[in-house]
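In: Fold the following and give me the result.
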Amino acid sequence: MVLLCVHHPATAEAAWESASSLARHFKKTLGLLAFAEGGTPLELLREELQRLADGVGDVPVQVVVRTDGFGQLSEVCEELEASFLLVQQPDDRPRTLQRTLTACRGLRIPYLICGTGFAPLRPDKVMVPVTFLEEEYEKAQFASAFGRFYGSQVLLLQANDYGSKAGRTVEKISALLDKFQVSYRVERARGDSYKVEREAVRRAAGEGYGLVLLSASRDYGLDDLLFGPKERHLLRHSSVPILLINPRGDLYALCD
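Out: The predicted structure is shown next:
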């Protein structure tokens with residue numbers, strides 16, 4: 001299921017169009033989710049969501065209204081067996097964005113946050129910055145999915161590090177893209193692993209990219225708690241949609 005979490009149905013057209021497109025291309029059910037917060041009557045909210053759903057005739061749609069609170073987003077996604085999440089932002093305040101990022105910390109699926117100026121998703125070209133971190137390989141399956149189902153052209157932007165870790169990860173991602181015959185190229189970034197994501201976001205809009213794949217922070221350190229995590233700053237300053245992928249520590253456990 002491709003799931004869209006809606007805060008304001010009346011202004012969700014761009015997010016809804018993007019979610020519909022993803023469900024159509026990935027051949028998934030489309031889910032429309034809202035949390036009844038702030039005293040909104042359940043039936044009124046369900047009717048508003050149903051009006052959105054009625055506009056999609058070629059994709060099966062499931063409307064879900066919950067009362068357990070937005071903070072339970074990760075648990076609801078697992079319950080609904082969602083494979084992709086889009087979240088409509090009610091406003092662009094940093095505090096609101098951080099609330100969404102915090103709610104998404106437990107997700108095991110990729111997620112895309114749709115701000116108030118969000119334009120419909122056009123992933124003809126996808127940029128994938130690759131750092132030295134081992135979890136960067138998780139981006140491979142999602143880059144591959146856009147290449148296979150959308151025909152996206154993929155750019156692997158390799159961090160300009162002294163070591164070979166980023167290069168080895170690029171080789172692993174390339175092997176998967178080759179397997180599925182995805183069109184891609186590899187380019188060495190100007191910046192190292194600490195700067196390549198910012199470089200990717202800056203370049204994406206000027207070079208016609210419709211999507212950037214980023215890894216979310218592993219953990220929130222003191223600087224993240226005080227000033228906000230890197231993904232919050234990148235999201236606020238990007239005019240191109242950013243697909244976030246949470247690191248999966250359970251995939252990298254050492255074996256005896």
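In: Please count neighbours and contacts with C-alpha atoms only from this point.
Out: OK.
In: number of nearby residues for residue 206?
Out: Residue crowding around residue 206 was assessed by other Cα atoms under 10 Å; the count is 10.
In: Tell me which residues touch the closest residue to residue 167 other than its chain neighbours, please.
Out: Among residues not flanking residue 167 along the chain, residue 158 sits closest, at 6.8 Å (Cα to Cα, 6 or more residues apart in numbering). Under the criterion of Cα atoms under 8 Å, 6 or more residues apart in numbering, the neighbours of residue 158 are 129-131, 166-167, 170, 186-189, 196.
In: Quick check: residue 158 vs residue 136, distance?
Out: Residue 158 is 11 Å from residue 136, where distance means Cα to Cα, to the nearest Å.
In: Now do the shared contacts for those two.
Out: With Cα under 8 Å, 6+ apart as the test, residue 158 and residue 136 both reach residue 130.
In: Which helix or strand lies directly C-terminal to the lowest-mean-pLDDT helix or strand in the chain?
Out: Least confident helix or strand, the chain: helix 222-227 with a mean of 49, by mean pLDDT, DSSP states H and E. Tracing the chain C-terminally past helix 222-227 and defining elements by DSSP states H and E, one meets helix 230-237 next.
In: Helices of the stretch 1-150 of the chain, start to end?
Out: 13-26, 42-53, 73-80, 94-103, 139-149 (DSSP state H, counting those that start in this stretch).
In: Can you check which of those gets nearest to residue 178?
Out: helix 139-149 (9.2 Å; Cα to Cα).
In: What is that closest one packed up against?
Out: strand 125-130, strand 153-158, helix 165-179, strand 211-215 (3 or more Cα pairs under 8 Å, 6 or more residues apart in numbering; DSSP states H and E).
In: what about the residue nearest to residue 167, distance to residue 103?
Out: From residue 158 to residue 103 the distance is 30 Å (Cα to Cα).
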